[in-house]
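Novice: Sequence first, predicted model second:
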Amino acid sequence: MRDILLDLLVAPGDHGALTLESGRRADGEIVEGMLTAADGHRYPIVDGIPRFVRTDDAGQIQTADSFGFKWGKVDSYDDGPMAVTSRAWQIERYGFESAADVRNAFAAHGLVLDAGCGSGFSSSLWLDDEWTGEWVGADISGAIDVARSRIGHIRGTHFVQADVLDLPFADGSFGAVFTEGVLHHTPSTERAFHAVARLLRPGGELFAYIYRKKAPVREFTDDYVRSLVAPLSPDEAWEALRPLTRLGQALAELNVEIDVPEDVPLLGISAGRQDVQRLIYWNFAKLFWNPAWSFEENLHINFDWYHPTYAHRHTEEEIRGWCVAAGLEVLRLHDQEPAAYTLHARRRA
């Protein structure tokens with residue numbers, strides 16, 4: 001942990017000052033020590049990462065364990081095809097031209113928070129050795145250690161283990177907050193939204209990816225499957241979702257389209273020519289399959305959806321309402337896919 005991060009940190013909850021005790025340094029960084037708050041709470045620095053997690057919410061603990069497991073399976077997402085597809089998808093959703101364009105836009109804000117960074121995968125799609133700003137990754141799970149091992153070599157990167165709902169930073173600390181697919185994995189997406197929005201300086205910008213509500217049968221199936229899978233251990237859930245992933249593969253390999261003769265409002269289905277796998281995927285059950293990816297990469301996506309206890313879905317009206325309440329101006333709300341909304345908003349000066 002570098003001194004620039006030490007200067008940025010405050011106590012969770014009351015945001016009071018922290019005192020460093022027994023800090024051990026190596027190569028100019030604090031690698032071990034204890035941060036003490038005025039109320040007596042003590043937060044350890046372990047392996048160079050300050051650790052602030054103190055939730056007792058069982059669902060949040062399960063969700064953190066799920067993502068810690070998933071991001072620890074680096075070979076299921078970090079070997080090429082998934083990263084290439086994800087980079088192009090991210091660039092398009094946020095309205096940029098290239099990964100360099102994304103990187104430069106964030107660097108212009110100086111100090112950037114990736115709230116719920118996991119293994120740093122989403123940021124790593126644009127964060128590279130040309131980075132000139134300061135990037136802080138915060139995650140509730142043990143994936144924060146994976147993030148440091150993956151991208152900690154990049155200048156200006158810092159790592160904190162903390163809950164998005166209770167982040168150890170003062171209001172207005174950051175020029176930009178990036179939170180890709182995270183807020184809906186908390187006990188309350190709305191609370192999480194406001195918890196990160198408060199961190200923006202006037203003129204600061206929020207970049208967020210938030211699940212949207214699906215067709216009614218798909219919503220039912222998602223909740224039903226999750227009720228069966230979430231209680232399993234991560235290893236058990238990973239194996240339990242193999243047959244579901246194989247079904248997605250089999251449907252995709254049919255390569256069959258049908259004509260839906262007219263809209264079916266009762267099921268949320270639109271008229272038109274549709275691939276059978278996509279028709280089932282969007283309207284009845286998430287059976288993800290991308291033929292350009294390995295089986296484990298596809299399984300990774302289905303696990304990501306079904307195992308975490310918390311995976312809330314929302315409407316455009318809800319998200320716009322949160323922005324109004326937080327004093328944010330919506331610059332872009334990408335709604336061209338049924339999966340989620342991609343938000344780019346700015347705090348009013």
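Specialist: Arrived safely, thanks for sending. Numbers count the residues shown, from 1 in each chain.
Novice: for the record, mean pLDDT for stretch 158-169?
Specialist: Across stretch 158-169, the average pLDDT comes to 98.
Novice: how distant is it from the center of its chain?
Specialist: 13 Å (CA atoms, centre = their mean, to the nearest Å).
Novice: And that stretch, end to end?
Specialist: One end of stretch 158-169 sits 13 Å from the other (CA to CA, to the nearest Å).
Novice: same question, stretch 207-215
Specialist: End to end - CA to CA - stretch 207-215 spans 25 Å.
Novice: Next: stretch 92-104.
Specialist: 16 Å.
Novice: That stretch: which residues count as buried?
Specialist: 93, 94, 96, 99, 102, 103, 104 (16 or more other CB atoms under 10 Å). Where C-beta positions appear, they are placed from N, C-alpha and C, glycine not excepted.
Novice: What segments of the chain are helices?
Specialist: Residue ranges of the helices in the chain, as given by DSSP state H, are 3-8, 58-72, 81-94, 99-107, 121-124, 143-151, 189-197, 216-229, 234-240, 242-254, 276-283, 295-306, 316-326.
Novice: Would you mark the buried spots in the last one?
Specialist: By neighbour count, and taking 16+ other CB under 10 Å as the criterion, the buried residues in helix 316-326 are 318, 319, 320, 322, 323, 326.
Novice: what residues are up against the fourth one?
Specialist: Taking CB atoms under 8 Å, 6 or more residues apart in numbering as the contact definition, residue 322 lies against 190, 193, 194, 197, 328.
Novice: Would you enumerate the residues in contact with residue 172?
Specialist: 198, 199, 200, 201, 202, 204.
Novice: repeat that with 10 Å
Specialist: By CB atoms under 10 Å, 6 or more residues apart in numbering, the contact set of residue 172 is 198, 199, 200, 201, 202, 204, 347.
Novice: and the first one, what is it in contact with?
Specialist: When contacts are counted by CB under 10 Å, 6+ apart, residue 198 touches 15, 167, 169, 170, 171, 172, 173, 177, 326, 327, 347.
Novice: and what of the fifth one?
Specialist: When contacts are counted by CB under 10 Å, 6+ apart, residue 202 touches 172, 327, 346, 347, 348, 349.
Novice: Pop the domain breakdown of this protein in here.
Specialist: Annotated domains of the chain cover 52-212+313-347, 216-306 [automatic domain parsing].
Novice: Columns distance to residue 3 on top of those, output as TSV?
Specialist: Output for the domains of the chain, formatted as TSV (distance: least, CB to CB, whole Å):
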stretch	distance to residue 3
domain 52-212+313-347	10
domain 216-306	35
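Novice: out of those, nearest to residue 37?
Specialist: domain 52-212+313-347 (9.4 Å; CB to CB).
Novice: Report the distance from that closest one to the chain centre.
Specialist: 5 Å.
Novice: Between the two ends of that domain, how far is it?
Specialist: 27 Å.
Novice: Format the contacts of residue 172 as TSV; extra columns: pLDDT.
Specialist: Converted to TSV, the contacts of residue 172 look like this (pLDDT from 0 to 100):
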residue	pLDDT
198	98
199	98
200	98
201	98
202	97
204	98
347	98
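Novice: out of those, which are buried?
Specialist: Among the contacts of residue 172, the ones that count as buried (16+ other CB under 10 Å) are 198, 199, 200, 201, 204, 347.
Novice: Restrict the lowest-mean-pLDDT helix or strand in the chain to CA atoms and write it as PDB.
Specialist: Every helix and strand of the chain was ranked by mean pLDDT, DSSP states H and E. The lowest is strand 18-26, at a mean of 91. Output of strand 18-26 as PDB, limited to C-alpha atoms (Å, rounded to 0.1, in the frame of the first residue of the first chain):
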ATOM      1  CA  LEU A  18      -7.400   6.600  10.600                       C
ATOM      2  CA  THR A  19      -4.100   6.200  12.400                       C
ATOM      3  CA  LEU A  20      -1.500   3.800  11.100                       C
ATOM      4  CA  GLU A  21       0.000   1.600  13.800                       C
ATOM      5  CA  SER A  22       3.000  -0.800  13.500                       C
ATOM      6  CA  GLY A  23       3.300  -0.200   9.800                       C
ATOM      7  CA  ARG A  24       6.000  -2.400   8.100                       C
ATOM      8  CA  ARG A  25       7.400  -1.100   4.900                       C
ATOM      9  CA  ALA A  26       9.200  -2.800   2.000                       C
END
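Novice: list the buried ones in stretch 70-78?
Specialist: Neighbour-count burial for stretch 70-78 flags 70, 71, 73, 76, 77, 78 (criterion: 16+ other CB under 10 Å).
Novice: Start and end of that stretch, how far apart?
Specialist: First-to-last residue span, stretch 70-78, CA to CA: 12 Å.
Novice: This completes my enquiry, with thanks.
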